[in-house]
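In: Dropping a prediction and its sequence here:
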Amino acid sequence: MPKRAAWVAFPLSIEHCALGIDMSSVVISARGEQRVRSGHPWIYRADVVDVDAAGGDIVQVIGPRRRTIGYALFSDRSQIPIRMLTHGETPADASLLRTRLSRAIAVRDGLRIDATAYRLVHGEADLLPSLIVDRYADYLVIQTLSQGMDRLLPAITAMLVELLAPAGILARNDPRVRALEGLPQSIDVLHGEVPDSVVVQEGHIEYDVDLRRGQKTGLFLDQRENREAAARYARGRLLDCFSYTGGFALRLARTCPEAEALDISADAVALIRANAIRNAVPHLQAREVNVFDELRRLERAGARYDTIVLDPPAFAKNKASIPNAMAGYKEINLRAMRLLNRGGYLVTCSCSYNVNEEMFGSVIHDASIDSHTPMTIVEKRMQGRDHPVLVGVPETYYLKCFILRRVE
Ligand code: SAH
């Protein structure tokens, strides 16, 4: 099989991006081929048999029987050297990239999202592996998290300008995973101008977002629909743990006459206070504390709540930290259950991919037994629809959100 040009027929508008035409190829093992056939776009290092490519190339992926499996992004430093873009002879060209970007944008248009901040491209689930594009009002924030996608950044930027005409595009390319790819960590304006703060709306809530310094790309967009869902139950005294800039608290405070938000970060607490004023919920109190200590203190003090939210950072960043993570999740859930009044609601989340839904369910079970609080599961939820899960790719299902009710 002759090597094919992977990038062909660039539309005139992105000609200046000079993507080049790669003549690179990679041979994979039978196990690698099987993995692709099962619908997973990643091939690990152990299944790469031969490489005739440079890091960042689009490569022709060849199976053990010399058949073309498809075209993929190639990394020479990552544990995941191959991320499939197409199958069979379909080339991974500029028109494919454009089609996938337009489709991802159209999908979000169809979701009728009541917010001006949401995810436009969710990597693998939009068949654009390792690419994140978030919209914040008139601005876009991009992350390219592999060598191959990073090389396509100029082309993607040009296409997004054409498709969406944003006022500015910021590359938030500071996540640590870029280091694993041998890529620099940087934050750069790629198009137009990006102000220090951007005001976005989510339902009736307004946030002032710092796109350069905020966590993730500025906000936890993946929780938007869970905040909406939680608002259907929230009442009485509210405790929002791991609040960041007040995501859950601001949304729920309207129906909760008493509301407290906790975060360990002084910057986050200052933002919660500012957001509480901006959104006319001045009764929302924010405290800079360690949630683990504070839940224990509240329990000792005999405090009781009607609505509690637990939205901690990922406790299990890797497989080795799973046991500690499980213990951490159990601890906070157990304490929260004890702090709930009868009939109260617990909105409990885990964004650790390494703790799957079943494991998280077992943590909740253990916490309920040990705290002697019978709980019902009212809703089992996940990340919002703008962060879709690709069937066969468990890594794309990372956020679990259970809404529980204390029965007695
Ligand atoms: N619920 C938020 C997102 C939470 S992100 C939203 O909807 O927007 C997790 C937050 O937990 C971060 O803001 C981080 O500062 C905070 N955090 C991490 N460890 C903590 C701890 N031990 N105690 C309190 N807050 C903590």
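Out: Great, that's in hand. Note that the structure is predicted; figures quoted are calculated from it, not measured.
In: contacts, neighbours, all on C-alpha from now
Out: Noted.
In: neighbours of Leu96, just the number please.
Out: Per other Cα atoms under 10 Å, the neighbour tally for Leu96 reads 15.
In: Of all the residues in whatever helix or strand it lives in, which ones are buried?
Out: Following DSSP states H and E, one finds Leu96 within helix 94-109. Buried residues in helix 94-109, counted by 16 or more other Cα atoms under 10 Å: Ala94, Leu97, Arg98, Arg100, Leu101, Ser102, Ala104, Ile105, Arg108.
In: Including pLDDT, could those go into JSON lines?
Out: JSON lines is the format used below for the buried residues of helix 94-109 (pLDDT from 0 to 100):
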{"residue": "Ala94", "pLDDT": "96"}
{"residue": "Leu97", "pLDDT": "98"}
{"residue": "Arg98", "pLDDT": "98"}
{"residue": "Arg100", "pLDDT": "98"}
{"residue": "Leu101", "pLDDT": "98"}
{"residue": "Ser102", "pLDDT": "98"}
{"residue": "Ala104", "pLDDT": "98"}
{"residue": "Ile105", "pLDDT": "98"}
{"residue": "Arg108", "pLDDT": "98"}
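In: Among those, give me the pair with the biggest separation.
Out: Maximum pairwise distance among the buried residues of helix 94-109 (Cα to Cα): 21.6 Å, between Ala94 and Arg108.
In: how about JSON lines for the buried residues of helix 94-109, with distance to Arg67 added?
Out: Output for the buried residues of helix 94-109, formatted as JSON lines (distance: Cα to Cα, whole Å):
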{"residue": "Ala94", "distance to Arg67": "23"}
{"residue": "Leu97", "distance to Arg67": "24"}
{"residue": "Arg98", "distance to Arg67": "27"}
{"residue": "Arg100", "distance to Arg67": "25"}
{"residue": "Leu101", "distance to Arg67": "28"}
{"residue": "Ser102", "distance to Arg67": "30"}
{"residue": "Ala104", "distance to Arg67": "30"}
{"residue": "Ile105", "distance to Arg67": "33"}
{"residue": "Arg108", "distance to Arg67": "36"}
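In: how about stretch 241-260 as CSV, C-alpha atoms only?
Out: Extracted in CSV, the C-alpha atoms of stretch 241-260 (Å, rounded to 0.1, in the frame of the first residue of the first chain):
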residue,chain,number,x,y,z
CYS,A,241,-19.1,22.6,49.7
PHE,A,242,-16.2,23.1,47.2
SER,A,243,-18.0,26.1,45.8
TYR,A,244,-15.3,27.7,43.6
THR,A,245,-16.9,30.9,42.4
GLY,A,246,-20.3,29.9,43.7
GLY,A,247,-21.6,27.8,40.9
PHE,A,248,-24.2,25.8,42.9
ALA,A,249,-24.7,28.3,45.7
LEU,A,250,-25.7,31.2,43.5
ARG,A,251,-28.2,29.1,41.6
LEU,A,252,-29.7,27.5,44.7
ALA,A,253,-29.6,30.5,47.1
ARG,A,254,-32.8,32.0,45.6
THR,A,255,-34.9,29.2,47.0
CYS,A,256,-32.9,28.8,50.2
PRO,A,257,-33.4,31.5,52.8
GLU,A,258,-30.1,30.6,54.4
ALA,A,259,-27.1,29.8,52.3
GLU,A,260,-23.4,29.1,52.9
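In: Compute the mean per-residue pLDDT across it, please.
Out: Stretch 241-260 carries an average pLDDT of 97.
In: And for Leu180, nearest residue in space, chain neighbours not counted?
Out: Residue nearest to Leu180 in three dimensions, not counting chain neighbours: Ser78, with 6.1 Å by Cα to Cα, 6 or more residues apart in numbering.
In: show me what contacts that neighbour?
Out: Arg45, Leu180, Glu181, Gly182 (Cα atoms under 8 Å, 6 or more residues apart in numbering).
In: Over to Glu33?
Out: Contacts of Glu33 by Cα under 8 Å, 6+ apart are Gly63, Pro64, Ile69.
In: Name only those of these that count as buried.
Out: The neighbour-count criterion (16+ other Cα under 10 Å) marks Gly63, Ile69 among those as buried.
In: between the contacts of Glu33, which is closest to Phe248?
Out: Distances from Phe248 to the contacts of Glu33, taken by Cα to Cα, are shortest for Ile69, at 45.0 Å.
In: and that closest one, helix, strand or coil?
Out: strand (DSSP: H, G, I helix; E, B strand; the rest coil).
In: do you know how far it is from Arg100?
Out: 20 Å (Cα to Cα, to the nearest Å).
In: Mind exporting the C-alpha coordinates of stretch 354-364 to PDB?
Out: Extracted C-alpha coordinates of stretch 354-364, given in PDB (Å, rounded to 0.1, in the frame of the first residue of the first chain):
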ATOM      1  CA  ASN A 354     -10.800   6.600  37.800                       C
ATOM      2  CA  VAL A 355     -13.700   6.300  40.200                       C
ATOM      3  CA  ASN A 356     -16.500   5.100  38.000                       C
ATOM      4  CA  GLU A 357     -20.200   5.200  38.500                       C
ATOM      5  CA  GLU A 358     -20.300   1.800  40.200                       C
ATOM      6  CA  MET A 359     -17.500   2.700  42.600                       C
ATOM      7  CA  PHE A 360     -19.100   6.000  43.400                       C
ATOM      8  CA  GLY A 361     -22.300   4.200  44.100                       C
ATOM      9  CA  SER A 362     -20.500   1.900  46.500                       C
ATOM     10  CA  VAL A 363     -19.000   4.900  48.400                       C
ATOM     11  CA  ILE A 364     -22.500   6.400  48.800                       C
END
